[in-house]
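> Structural data only, the sequence is not supplied:
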């Protein structure tokens, strides 16, 4: 990287692009135009060019949400003069990193000053206006980083698609309610600060992407897990109108939020504490009581590490009483996404939606009776036949499949069914492919395992163990996503046909372990079990 950065700076200096004295923050004075230099609404940035791709990293899209801006909607980034270097990633948002993360950060230090943007674009585009994809990372709302090597956007850029990624606030920084915050800003946006950041990032794209050669009228928003759920929020929020033209939700559910029924101000079903009540409980754990301005000042004065307090994906359960996660706030999130989909009030845009074949599960059953307990007694025999057709009696496998279908797989089908019936083009997939190096270790494609295939960045996950079949599947998956970004239809010459979802055929595209030759649109073989799950959901 140092060699690349040096060569870029040297070339720019030789061309007269960098003149004048550098300031203390590394910003220099621009003179002549350069392909790596772009002027946006807050100033001029200089990226790095390497192997037919120009990358811009760490561009502020909002002011640092620190001090009095902690738990405030994102504010405008400060303008700068001269050229701001944009060749290294900014801070990850404040969190306790997980070593087992499917897309770990590239070593960025977590900090509250983290609202930054990254852009990958082709050096020599063949299109006048480039389609844009905007990536939202997953991580349960408590972990995640746009600096992961898995999320490198180079393969999109090499096929004339601009990829944009960004950081958004996490954990108690991103999702936090408290009566003192409501009193401070009674009619404003509250609680879901991470989603507010996402809206700010999409607005930044609308204002600035043309400067990078992008088409602000052809934007695809996509995300996985918590990022996939964020796509459902954006699809159903009245505040995201006009900010994107198509969407892809990977393993994002689609019916309910992380904590179904959680509201910012009111107690939820079965006495579920409101976000404000959860915030009061957290404040009490750090010795802060009261609901006035002094309590809020004390909360904003807390060290960032105290607010994290060990919270990450591995400790979500033990932090249930002190971390609200996403909340129905009445403005940004007006209800559970599933209800808005059913009401016909979601965005009318093309959508890809799906899950992996061994997706996220929170199964705790230790007996088959416990695994089948969610089903009505009259349906348990049918459920057992659907989920253990060979009669193995393997409780852990059956329970995991049932739980995974309930949380991820059936909700994806529900979204496909609902929106396709309303006339929107929807393409459902199931990612079943398992890397050759781990096929003897897992019985299906785990949650998030599609990510290095979508981005075509397999080496970031599997190093030198990547096989030619693995690479073919990565190219196939990446090409589907790219075709969809360009036209709203994932089909293009050379790809197996992917038919739009239709409830009569209940067909989806199975990205199969057999590779490209077995990837095809087919009636969902899991239909019987999913129909039973649909009755539960």
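Done, it's in. The model shown is predicted, which means the values in this text are computed figures rather than measured ones.

> make it CA atoms for all contacts and neighbour counts henceforth
Noted.

> From residue 266, how far off is the spatially most central residue of the chain?
Taking CA atoms, centre = their mean, the centroid of the chain lies closest to residue 227, which sits 2.1 Å from it. Separation of residue 227 from residue 266 (CA to CA, to the nearest Å): 26 Å.

> What of residue 286?
Between residue 286 and residue 266 the computed distance is 24 Å (CA to CA).

> With neighbour numbers in mind, choose between those two.
Neighbour count, other CA atoms under 10 Å: between residue 286 and residue 266, residue 266 has more, with 17 against 14.

> Identify the residue nearest that one in space, chain neighbours excluded?
Distances taken as CA to CA, 6 or more residues apart in numbering place residue 274 nearest to residue 266, at 5.3 Å, with adjacent residues excluded.

> Regarding this structure, what is its longest helix?
In terms of residue count, the longest helix belonging to the chain (DSSP state H) is helix 468-487.

> If you count neighbours, what's buried in that one?
Burial within helix 468-487, assessed by neighbour count using 16 or more other CA atoms under 10 Å, is assigned to 470-471, 473-486.

> how about the helices in the stretch 351-500 of the chain?
In the stretch 351-500 of the chain, the segments counted as helices under DSSP state H, counting those that start in this stretch are 368-372, 380-387, 395-404, 410-421, 451-454, 458-462, 468-487.

> Out of these, which is closest to residue 313?
helix 395-404 (17.1 Å; CA to CA).

> buried ones in that closest one?
In terms of neighbour count (16+ other CA under 10 Å), helix 395-404 has its buried residues at 395, 397, 398, 399, 400, 401, 402, 403, 404.

> The second one and residue 71, how far apart?
As judged by CA to CA, residue 397 and residue 71 stand 42 Å apart.

> Same question for residue 242.
26 Å.

> Looking at these two, which one has more neighbours?
Legend: neighbour count by other CA under 10 Å for residue 242 and residue 71, higher for residue 71 (26 against 14).

> contacting residues for the more buried one?
Counting by CA atoms under 8 Å, 6 or more residues apart in numbering, residue 71 touches 65, 173, 174, 176, 181, 190, 191, 193.

> so what's the third one up against?
With contact taken as CA under 8 Å, 6+ apart, residue 174 is in contact with 71, 141, 168, 191, 192, 193, 194, 195.

> And these, which two are furthest apart?
71 and 141 (15.3 Å).

> for the helix or strand the residue nearest to the centre of the chain falls within, the distance to its chain's centre please.
Per DSSP states H and E, residue 227 falls inside helix 226-236. Relative to the chain's own centre, helix 226-236 is displaced by 8 Å; criterion: CA atoms, centre = their mean, to the nearest Å.

> Run through the neighbouring helices and strands of that helix.
The contact analysis (3 or more CA pairs under 8 Å, 6 or more residues apart in numbering; DSSP states H and E) places helix 226-236 against strand 130-136, strand 214-224, strand 246-250, helix 337-342.

> 6 Å instead, please
Applying 3 or more CA pairs under 6 Å, 6 or more residues apart in numbering; DSSP states H and E, we find helix 226-236 packed against strand 246-250.

> Give me the angle between the strand it packs on and helix 468-487.
Relative orientation of strand 246-250 versus helix 468-487 (axes from the mean of the first three to the mean of the last three CA atoms, to 10 degrees): 150 degrees.

> what about strand 246-250, average pLDDT?
Averaging pLDDT along strand 246-250 yields 98.

> what comes into contact with it?
By CA atoms under 6 Å, 6 or more residues apart in numbering, the residues outside strand 246-250 that reach it are 220-224, 228, 231, 349-355.

> same check, this time on stretch 452-472
If you take CA under 6 Å, 6+ apart as the criterion, stretch 452-472 is touched by 149, 150, 435, 474, 477, 478.
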